[in-house]
Every structure is written in C-alpha cells, then in structure tokens.
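> Mind folding the following:
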Amino acid sequence: MMGLILLVAFLATPPPGDGLEVVGASDCPSADAVLARYAELAPATPAAGRSGPAGQARVSLVGELLEVSLRRGAGTLVGQKLVAAPTRCDDRADVAAALLVAWSAGRGPDVSLSVPYPEVSRPPSAPAPDSSVSLSLPAPAPPASSDWRATLALSFSVVAPLQNDPVAPGVTLEGAFGKTWLEGLASAGVSSERTVSLGPGTASWRAARLRLGAAARLVGRDAGWQLKLAAGGGVASVDAHGNGFATAQDAARVSGEVWGGLRLGLPMWGPLRLVAAAHVAGRLEREYLTAENPVSLHELPRIEVEMTVGASVRFPPPGPGGS
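Residues are numbered from 1 along each chain as shown. Down below sits the predicted model:
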C-alpha cells in the first residue's frame, strides 16, 4: 500500500484540500489527484475555504473495488463506501472526491453514485445509512464504432432494350461490403424469356448475369436517404432457341458487358432499407440469332435499361440513431 500525505496550510489563500489529509491512496488514484478534484468540487466557505472541516480521508483499492472513508480529527467515522473501481485513474479520483465532498457537507455516509460506477454490497462493519444524496458523474465517451458494413439485397427488375424487342422482368440478388460512402458490389441476376418472330418461326432467349462493381455515395445521410453512383462490369450468358423451323435452333453464348447508373436507398425499419435503381447495361460484342431455310437473322439487344426495386438488410444491424 502506498501512502501519500498532503499537508497544505501555509499560504494566505487556502490551497487545494486545505484541512483534509488523504492517506492510503495509490498511484491510481494518487492523493494529489484526489485532493485537486476535491478542491474543485467542494463549495467555498468563509470559515474553512473550499475543503470544509479538517479530517482524514482514506482511499484504497480492494481487488477491483475502490474503498473511500472519511474520519474527523477525533477518529469519528463520517462515511465509508465501497464502489466498483473505474478503469481510468482520473475517474477514480472523481469518485473519491465526490464522496468526500458529500460527507464534508454533512450529508451522511450513504451517498449514492449514479452509473457507470455502481456501488457494491457494504461490508458488515460499515455503519447503517442515515441519509442519501445522488451525485451524477459524467459517463465516459463511448468508443467510436467502425462504419464497415455488409448488405444483402433482393430486387425485382424490368429490362427494356433500346430497340424493338420485348420487355422482360427479372430478379437480382446482390451483396455489398464497404463503408458508408464507398462499397464494393457483387450480384447475380436472371431475366425471363423473350420471344421474337424469325423467318417462318420464332426465336426465344433468356439471359443470366454475373456482375462486379462499386457504388459511391453522392448525397444523403448515413441514417437517412442516400443517392449513389454505381458502375462495373460482368458477363452475360444468353440461352437461345428457335421454334417452328425445319431443324432445331439452339445456341448458348457468353459475352462481356459494362453497366452503370444511379441508386436510391430509403430507410424502412431497423436494418431494412428500400432500394431502387436505374442502370444502363451494354454488351461488348454483337450477338445474333440465325435460322436457315430460309435464312433469317435477328440481332440481340446490345444496350438495355434496367429499372429495379427491392429491399436490403444490413449486417450488423445499426444501433440507435445509426444508418
């Protein structure tokens, strides 16, 4: 046990802790820190400066507990308290000084401390409480949380080509990982079958897509609506077949594509957000459906506009007031 005794009584203006002796204090908190904080908290009086009547305070650590007591000059116990010891030394000095100020003001031994420094059971030898007062100490600032997050979104889309071809509905599953202002994207989607006339018969095809990209926030707030610009590349697999021809017409093609557009996100409830997007996708190669007897040819659309709407869920879910 390290003892620190501070005696201050030789200046015209009473120094911090005048009339109060602190013993038993360790380096955390030190007697100097307790006396300094006590001098700041104690009300000034004409008779006794800022420290109140003389006495001896004992501040010591018992395991993970902080024990504080105050006795008058004759050895009379004014107050004694065991509380859970805060982590920071300055916070321990605050707790000890707050208790000493209350006891010096004659508020009784049973002084109640508000969270985050809970009291613990009083030892059997401690005096019974005779009064109570609540002292509110500032809570330490919460640690800054990381804004890394992952989201998973399911969206339904309408794919419209920039030529005279049918419009097709589709579905897309997309995952994202990143920060609030920039995130990477990976998605898989498929559109329903489309049919066009081709010579004496018809040709039908459906497309599946795998895409990678990134989205950057343009405007909006973490906890509110957000407008993002997204772009990337991928591959499209087209499965085509013909009907009504003398010979079967089947073909499967894979080609690269690029895409980009705008996204809008709106908060719904907790981790859920409503997402809507407008993208333009362009295939890098021309693709044709062809048939013989007689010869017929149809170029598949190279540029298509996709309108999607769906919902996303965030992992981990945001806290109170989070995005």
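> Let me see the ranges of the strands in the stretch 51-200 of the chain.
Counting by DSSP state E, counting those that start in this stretch, the stretch 51-200 of the chain has strands at residues 55-62, 65-71, 77-84, 112-113, 134-135, 149-161, 168-178, 182-191, 194-198.
> Pick the most buried one from the ones you listed.
strand 65-71 (a mean of 21; mean count of other Cβ atoms under 10 Å). For glycine as for every other residue, the C-beta is placed from the backbone atoms N, C-alpha and C.
> now for it, which elements pack on it?
In this structure, strand 65-71 makes packing contacts with strand 55-62, strand 77-84, helix 89-104, judged by 3 or more Cβ pairs under 8 Å, 6 or more residues apart in numbering; DSSP states H and E.
> looking at it, residue 227 is touching residue 220, isn't it?
Yes: taking Cβ atoms under 8 Å as the contact criterion, residue 227 and residue 220 are neighbours in contact, 5.5 Å apart.
> what do these two both touch?
Listed as contacting both residue 227 and residue 220 by Cβ atoms under 8 Å, 6 or more residues apart in numbering are residue 265.
> Domains in this structure, by residue range?
20-133, 149-315 (automatic domain parsing).
> among the strands of the stretch 51-200 of the chain, which gets the worst mean confidence?
Per-segment mean pLDDT for the strands of the stretch 51-200 of the chain reaches its minimum on strand 134-135, at a mean of 48.
> Can you classify residue 301 as helix, strand or coil?
When classified by DSSP: H, G, I helix; E, B strand; the rest coil, residue 301 comes out as coil.
> Check it and give its pLDDT.
For residue 301, pLDDT reads 83.
> same check, this time on residue 260
Reading off the per-residue confidence, residue 260 sits at a pLDDT of 95.
> Are we agreed that it is in a helix?
No: counting by three-state DSSP, residue 260 falls outside a helix, being strand.
> before we move on, the earlier item: what about residue 227 and residue 220, which has more around it?
Here residue 227 and residue 220 are compared on neighbour count by other Cβ atoms under 10 Å; more neighbours surround residue 220, at 17 against 12.
> Now do the contacts for that one.
For residue 220, the contact set (Cβ under 8 Å, 6+ apart) comprises 226-228, 265.
> Next: residue 214.
178, 182-185, 230-232.
> just residue 251 next, same as before
For residue 251, the set of contacting residues under the criterion of Cβ under 8 Å, 6+ apart consists of 238-241, 289.
> Show me which of these are buried.
Members of the contacts of residue 251 that pass the buried threshold by neighbour count (16 or more other Cβ atoms under 10 Å) are listed as 238, 240-241, 289.
> low-scoring pLDDT stretches of the protein, where are they?
Within the chain, the stretches with pLDDT under 70 are 1-19, 25, 44-54, 107-146, 245-250, 291-294, 318-323.
> hmm, try it at 50
Residue ranges of the chain with pLDDT under 50: 1-17, 45-52, 114-116, 118, 122, 124, 126, 128-135, 142-145, 320-323.
> Residue 314 against residue 150, yeah?
Yes: counting by Cβ under 8 Å, residue 150 is a contact partner of residue 314 at 7.3 Å.
> one step back: and the contacts of residue 214, which two are furthest apart?
Taking every pair in those and measuring Cβ to Cβ, the maximum separation is 14.4 Å, between 178 and 231.
> ok so, going back, okay, and which of the buried ones among the contacts of residue 251 map to strands?
For the buried ones among the contacts of residue 251, membership in strands holds for 238, 240-241, 289, with DSSP state E as the criterion.
> With respect to residue 93, which of these is nearest?
residue 238 (73.1 Å).
> For the closest one, which residues are in contact?
Residue 238 is in contact with 205-207, 251-255, 287, 300, counting by Cβ under 8 Å, 6+ apart.
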